[in-house]
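Engineer: Fold the following and give me the result.
(chains A and B)
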Amino acid sequence: MSFGKTAAAAAALVIMFQASFTAAGSACAYGAAAEKAALAEDYYSFEAPDSELMSFGRYYDKYSAEDRPDRRITISGGDFFPAEDGDVKKGSFTDDNGEKRDDVLLWESSGGEVSYRFEVPESGNYCLAADYCPMISNSTDIEFSMELDGKLPYDTASRLTLGRVWVNEKDIYTDMRGNQVRPAQVQKQLWQSCFFGDVDGLFSEPLFFYLEKGSHVLKLSSERAQLALDSLCFCNREELPSYRGYADSAGAEISAEETPSALIRIEGENAAFKSDPTLYPTFDNSSYLASPSDPTKMVYNTIGSGNWKKALQTVTWEIPAEQIGAGGWYKIGIKARQDKIRGFDSNRRIYVDGKVPCQELERVRFGYDTEWSVTVPKSGSEPVYIWLEGDRSHTLSMEAVPGEIGDYLRRLEDVVRELNTYYRKVLMITGPAPDKYTDYYVHEKIPGLVERFGEISAELKDVRAGIESLTGQKGTEAAAIENMAVILDKCTAKPLRIPSYLKQIKDGSASLSAWMRDNRDQPLEIDYIELASADRSFSDCREKLGKSLKFGFDAFIGSFFEDYTTLSDVTGEEAVNVWVALGRDQAQAVKEMTENQFMQETGIPVSVNLVTGGIVEASLAGKGPDAALFLGGEFPVNLAARDLLVDLSQFDDFGEVKERFQENAMTQYSYNGGCYGLPVSQSFPMMFYRTDVLTELGYSSPPETWDGLRDMLPALQRNYMSVGLVLPPNDISPATESGHTFALLMLQKGMTYYNEDLSASVLDSTEAVQSFEEWTDFYTKYSFEQTYDAFSRFRTGEYPIVIANYTFFNQLTAASPEIKGLWDFCPVPATAGEGGSLSHAANSNGSGAVIFKKVKNKENAWKFIKWFTDNDTQAQYGAQTEGLMGTLGRFDTANTEALGKLSWSEDELARLRAQQKELREIPVTPASYAVTRNIMNAFRETINEKQNPRDTLIWYNRDINDEIARKRRNLGLDR
Amino acid sequence: MHRFFKRAAVAVLAALAASVCSLGASASGEPYESYNYDRWGDAVPSQAGYTAERAVSGYDLGVGALSDPQDLFFDSDNVLYIADTGNNRIIAADSELRETVHVYDSFTMPDGSETRLNKPMGIFVSAVNGNIYIADSDNSRVLISDKDGNVQGEITKPQSEVYDQRRTFLPQKVIADKAGNVYVVLGNITTGAAMFAPDGSFSGFYGANRVEPTAAIIGNYIRSIFMSDEKKTHRTRTVPTGITGFDIDRDFIFTCTASGTQTTDTVKKLNAAGKNIFADLELSFGDNTPMYATTKNKIMAPSIVDIDVSTDGCINCLDFTTGRVFQYDEDCNLLFITGTLAKQTGGFDHVAAVESLGSDLYVLDSMKDTITVFRETSFGKIVHEAAALHNSGYYEEALGPWQEVLRRDGNYNRAYEGVAAALLRKGDYKGAMKYAKLADAGKIYNKAFEGRRREFLKEHFTAIAAVLALMVAALFAGGRYRKKHGSRSDVKGKEEQP
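Structural biologist: Reported below is the predicted structural model:
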């Protein structure tokens, strides 16, 4: 990694000016990106990850028996070796609470590396703790790769993670209609102290490192740093006292019985700090039991629903000083719900003031229940009381930790690895499609196969029994394990039939992997936490019929009167009525920005409404909006053809506004010479690849061209892997899907589906036929799958190359931590043109802003959509949605400059820009529906009925041209 | 009247074509009558696509007599490599087969020592790295050498547990793909070709045949479901026939299997994943109905010993039993049948290998120790042109050549299909229906019929609509009439009486 000098210069400014710092940082990122984009070949090579690396599970088995010396080896953050590129330095840092620490490491750029030398006085296992303060950055957490004496000790060390501190930007507030609004999540700079834990969620203990006595060198390198590091410490966790020990040593002035009567309730959604931006306030508006609740209005009353499940995710609440009074002993009641994974416990470690008080709070279990229930940590049958000193506020934190299931998951991991080895060996003999009449006798050819299958089956049954004793019930939870054991038993019973069970073995091990992935999650949703003195009991959360009925009745009645679509209170004749087709949170963000900025600046009233679908019908009935945002696909052109939209190209400054977007982005909004929309979102395809898998297969770069891709197929397919291409879903959209393989091939040959004036198709041209053959060959000759789950196949490495929308990045980042750093993305494969020039052309898909003809004041509506698509508004909206939903909510803005201001790293942005530059579009016409559908018909006939591709395409092209001609006659474009 | 003329014209044409055909057949001077198959699968006389030009012996090449040669291969520079098995050498000759370029009888190992061949059975030259791959059978190795005879590598019996160590390692044929993977057909292995990664490590078996599901096999299979394992071990094992030869064409590997009994998977087209693309098509290779040869007292079931894919995609299958080369286009439609068992030039004794260069065919006979060169006839040229255009979907462009084919040989079944497809594309549905019927091409007929029906409806829509309207009106009026004049049964009764 290299660093822009400007970044260092910007970082040299005082960090407290956060706003200016981030702005400077991203501006520099943009410049660097442009520079990088020139070197296109950069994306086509990667550093080979070390495949020999041990997993932490293996490392644990090897070293866990070693001593754990009771020593602390502290390394001061400022004592690093002078790094050559000099982007880290020593200095002092003050956090947002005003706490200043001197001689710390200031790591202000996102990338870089530092090294430390330290002495180990006694050989043994040491955990690693860090005292650090995250700086405001555009990544959700801090990631390191740590080498000890120039070597990664195990794979998890390449993705050590420290959390940043996220807070609600402001308290949950209520809009004019009484609905609560979710605040965005923003970062805070606060000093933190914690151990490095296992991000994979298998070990609840912190990671450890075996260190020999003597001098060592530690190197941290990162691409997502930006922190102030006070110190690192090799040490071991202190033995936690038992509850008795804790109670005796707490230094309490009074006993539990003497504590003044109190019941303190802390609402979950009001958490003070969170380690992850996805831990935003969530809601349960379905029952009166959630606190607070309302039958008709939107209320944010819980935290964590669906998102609080990954290991190390921590939520911290503040217990205000005034509620505790003079101090006392309190028991803890947590009203929570784990309704996501049937039969399993979800586990949390509870910290009070940053420390786990006693063993009983090390791992608190929350059982599976579809209803809310109160969990009270207990010691024996007694609730655990914690001592809260008076006259100061305290914090209570809960961290997601793996439960006992972690051990079983580790055993399963070994089983799956071994099964895959045997699977491959059998395949070497039988090939991928064994003949059922051939006697392969694989069990004779592979020594020990049957015995080992028997042992694995026994191991699986043991694990299953263990899991059932954990969950306390038999049945569906461990079905995947049971199935695998049954298959293996069949194989041992009739070894001759092993080849016919091959597919089942493979599917079985895939579902085992999936099961392991899902069940390491620790989902939990919290409504509130209560602290009660000994004489008080916790609030009841059992459902009462009367109250429940009343709530339901109120909600029912309310549904007649409550307007769910209108977000703003702006009304009146002059108001521009805007429909947005979005989720409620995003729509709310649009509304806020409109009211706080646009209306303030221009004085034009705008009413934002949340309406999904039905816009064509409403418009034809005369009840449509004046303008619509996020209207995509074929709608703009179809509405324009029906003369319902305003031609935007008639506005004087249209030419100027157009410059904000990719040069071809207007194609999808153009009809008959006019332009009927401004692009808002635009997503385009990229090629995602697994660096580890490709390295293993002997490649040092992803394929740059389609020929290159085809050349890779033998190696991939021999290893029973394949490539994922984009194929339209069954409901074919008239607007061509982004990344549609046929479209890519056509565009790369400089063609679209239509001729210049869109009066006929060009599917009978040589290029079209050639593209169609290339496309269908992937399925007829290279046996590609037509449907596949890109996300899970990519995760397992079965599809090491997948072409997908670039938003796939967000999904991978957010939901597959185990392959962090093992994948990358680059522009789609290219077609070589004449003279060897490569075209990576691809088409995009998006949605736009349109103005309807019925609008009173065209100029006002124009001003509004101009404002909404401008650089700053788009960047701000992007930041808002990412703040609301985390990485998954990263906005695919169509504004090219705003894209650079979202939280893409320099390198990622450079890759995106390389593809963005080459976007070409396939026009949308009123007859598009017949075009895309017939292309798919031709495709299916070629594949399924093995017809000649050229003949089939040309046969269907006749229907396509008939339909184009008919539509054009109907719409009066042709006489 | 018009129709009559058309029919007459076709009859005359057919007669003409037939006479031309018989002329062609007799004029070619081959020691056999060339034939092809008609729409019913019966053999009919046909024009020859190839004519034997000459037979080349080792003396012609100036290297003395060949001895039991087993394989031929043309490299990318058009040099022909001959595996002169009995003489333990490889001969490289120029494309005209006029002179020898190089004789390889010993090779230099990387350590400087000499190594000699022992019964080399197969030869392959990679277009990517220019290396010569030799299936050095009796030395149990595959020798990889550059063109100067310096050994680049050696593949010997894999030590992998997946390879049955009791089996010997007898390489028969060898090829390499462009990634450098090496595939070796082994003498006594039936589970497909052994596949080696570019670094020489064994990576499994590739492209095994399926067992032909005969009644006995299926019966056995069903019985084995109920059989104990112990019993099964005493039972004969069902294994497929091993593959005999192969050729590589870009990303695909074609295999053939010489077996008098097996008809499943005799010719396969395999993709990288090892999937047989021909598996789902019902194809047969070689003669349709095996002949009973009275002189030899045996049924002449086809036994395809070698396969070759020419640059234009045609698949040449060499049948050992009949000494014939069956040539198919890339979609496995039979184009030509060439050669026979005979003493004369153009006839064979023990065919061993087939190879093609441009439009020429080369057949190696291991008994006669000669290579026979076949040249494409003018008829062959037209058929190839038409088939190539047709297969790449240029139906209209193929119409002219197909019609020319029919002019010369009215029995050439495939041409009718080609003409039908072209007429369909042109929108001449009537013509397409006629030719599709002649070719027995159901799919084309269906499409043409559909088109014709649509056309008919369009043309006569007014008339049809008018008739329909009239009928509806009549029914309606009839109903009104009946209502007025009493119930239906009354009306019926009255009508029936007279």
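Engineer: ok, and the closest non-adjacent residue to A:Glu921?
Structural biologist: Using Cβ to Cβ, 6 or more residues apart in numbering or on different chains and skipping residues adjacent in sequence, the residue nearest A:Glu921 is A:Thr667, 3.6 Å away. In short, each C-beta sits where N, CA and C put it, glycine included.
Engineer: ok, how many other residues are close to the one you found?
Structural biologist: A:Thr667: 19 surrounding residues under other Cβ atoms under 10 Å in any protein chain shown.
Engineer: Over to the residue of the stretch 1-150 of chain B found nearest chain A: give its phi and psi.
Structural biologist: Proximity of the stretch 1-150 of chain B to chain A (Cβ to the nearest Cβ) peaks at B:Val128, 10.7 Å away. Note on B:Val128: backbone dihedrals following degrees, to the nearest 10 are phi -80, psi -50.
Engineer: Could you say which helix or strand holds the closest residue to it other than its chain neighbours?
Structural biologist: Of all residues not flanking B:Val128 in the chain, B:Lys178 sits nearest, at 4.9 Å (Cβ to Cβ, 6+ apart). Following DSSP states H and E, one finds B:Lys178 outside all helices and strands.
Engineer: tell me which residues of stretch B:390-410 are tucked away?
Structural biologist: Buried positions in stretch B:390-410, judged by neighbour count with 16 or more other Cβ atoms under 10 Å in any protein chain shown: B:390-395, B:398-399, B:401-406, B:408-410.
Engineer: So which of those residues would count as near chain A as well?
Structural biologist: Among the buried residues of stretch B:390-410, the residues that sit close to chain A (Cβ under 8 Å from any Cβ of the partner chain) are B:391-395.
Engineer: Chain A contacts on the stretch 301-450 of chain B?
Structural biologist: Counting by Cβ under 8 Å from any Cβ, the stretch 301-450 of chain B comes close to chain A at B:331, B:391-395, B:421, B:425, B:447.
Engineer: now these in TSV, with pLDDT and secondary structure?
Structural biologist: Listed next are these as TSV, based on pLDDT from 0 to 100; DSSP: H, G, I helix; E, B strand; the rest coil:
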residue	pLDDT	secondary structure
B:Asp331	83	coil
B:Asn391	84	helix
B:Ser392	81	coil
B:Gly393	79	coil
B:Tyr394	86	coil
B:Tyr395	87	helix
B:Ala421	90	helix
B:Arg425	87	helix
B:Lys447	88	helix
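Engineer: dump the residue contacts of the residue of the stretch 801-950 of chain A found nearest chain B.
Structural biologist: As assessed by Cβ to the nearest Cβ, chain B sits closest to A:Arg950 within the stretch 801-950 of chain A, at 2.2 Å. A:Arg950 makes contact with A:769, A:772-773, B:392-394, according to Cβ atoms under 8 Å, 6 or more residues apart in numbering or on different chains.
Engineer: which one of those residues sits closest to A:Ile254?
Structural biologist: Closest approach to A:Ile254 among those (Cβ to Cβ): A:Phe772, at 83.1 Å.
Engineer: Past the helix or strand containing the closest one, which element shows up next along the chain?
Structural biologist: Using DSSP H and E, the element containing A:Phe772 is helix A:766-780. Downstream of helix A:766-780, the next assigned helix or strand under DSSP H and E is helix A:790-796.
Engineer: That following helix near chain B at all?
Structural biologist: No - Helix A:790-796 stays clear of chain B (Cβ under 8 Å from any Cβ), getting no nearer than 15.5 Å.
Engineer: Mean confidence (pLDDT) on the helix or strand that comes right after that helix, please.
Structural biologist: As assigned by DSSP H and E, the chain's next helix or strand after helix A:790-796 is strand A:801-805. Mean per-residue pLDDT for strand A:801-805: 94.
Engineer: Can you identify each of the strands in the stretch 1-150 of chain A by residue range?
Structural biologist: A:73-76, A:88-94, A:100-107, A:112-120, A:124-134, A:141-148 (DSSP state E, counting those that start in this stretch).
Engineer: Take these and lay them out in a markdown table including distance to chain B.
Structural biologist: Formatted as a markdown table, these follow (distance: least, Cβ to the nearest Cβ, whole Å):
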| stretch | distance to chain B |
| --- | --- |
| strand A:73-76 | 44 |
| strand A:88-94 | 42 |
| strand A:100-107 | 43 |
| strand A:112-120 | 34 |
| strand A:124-134 | 38 |
| strand A:141-148 | 30 |
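Engineer: most tightly surrounded among the ones you listed?
Structural biologist: strand A:124-134 (a mean of 21; mean count of other Cβ atoms under 10 Å in any protein chain shown).
Engineer: okay, the angle between it and strand A:100-107?
Structural biologist: Using axes from the mean of the first three to the mean of the last three Cα atoms, to 10 degrees, the inter-axis angle of strand A:124-134 relative to strand A:100-107 is 100 degrees.
Engineer: quick one, strands of the stretch 251-400 of chain B?
Structural biologist: With DSSP E, counting those that start in this stretch as the criterion, the stretch 251-400 of chain B has strands spanning B:252-256, B:267-270, B:291-293, B:298-300, B:304-309, B:315-319, B:324-328, B:334-338, B:340-341, B:347-348, B:351-357, B:360-365, B:370-376.
Engineer: Relative to A:Asp507, which of these is closest?
Structural biologist: By Cβ to Cβ (comparing all of those), the closest turns out to be strand B:267-270, at 24.3 Å.
Engineer: Let me see the mean pLDDT of the closest one.
Structural biologist: Averaged over strand B:267-270, pLDDT sits at 91.
Engineer: what's it in contact with?
Structural biologist: Outside strand B:267-270, the residues that touch it by Cβ under 8 Å, 6+ apart are B:206-207, B:209, B:243, B:252-257, B:276-279, B:283, B:285, B:304, B:307, B:315, B:317, B:332.
Engineer: Of those, select the buried ones using a PyMOL command.
Structural biologist: For the buried members of these, the matching PyMOL selection, counting by 16+ other Cβ under 10 Å, is:
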select buried, chain B and resi 206+207+209+243+252+253+254+255+256+257+276+277+278+283+285+304+307+315+317
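Engineer: Could you identify the helix or strand that succeeds the longest helix anywhere in chain A?
Structural biologist: Ranked by residue count and defined by DSSP state H, the top helix of chain A is helix A:405-430. Going down the chain from helix A:405-430, the next helix or strand is helix A:442-445, by DSSP H and E.
Engineer: on contacts alone, who are the packing partners of that next one?
Structural biologist: When contacts are defined as 3 or more Cβ pairs under 8 Å, 6 or more residues apart in numbering or on different chains; DSSP states H and E, helix A:442-445 packs onto helix A:405-430, helix A:449-471.
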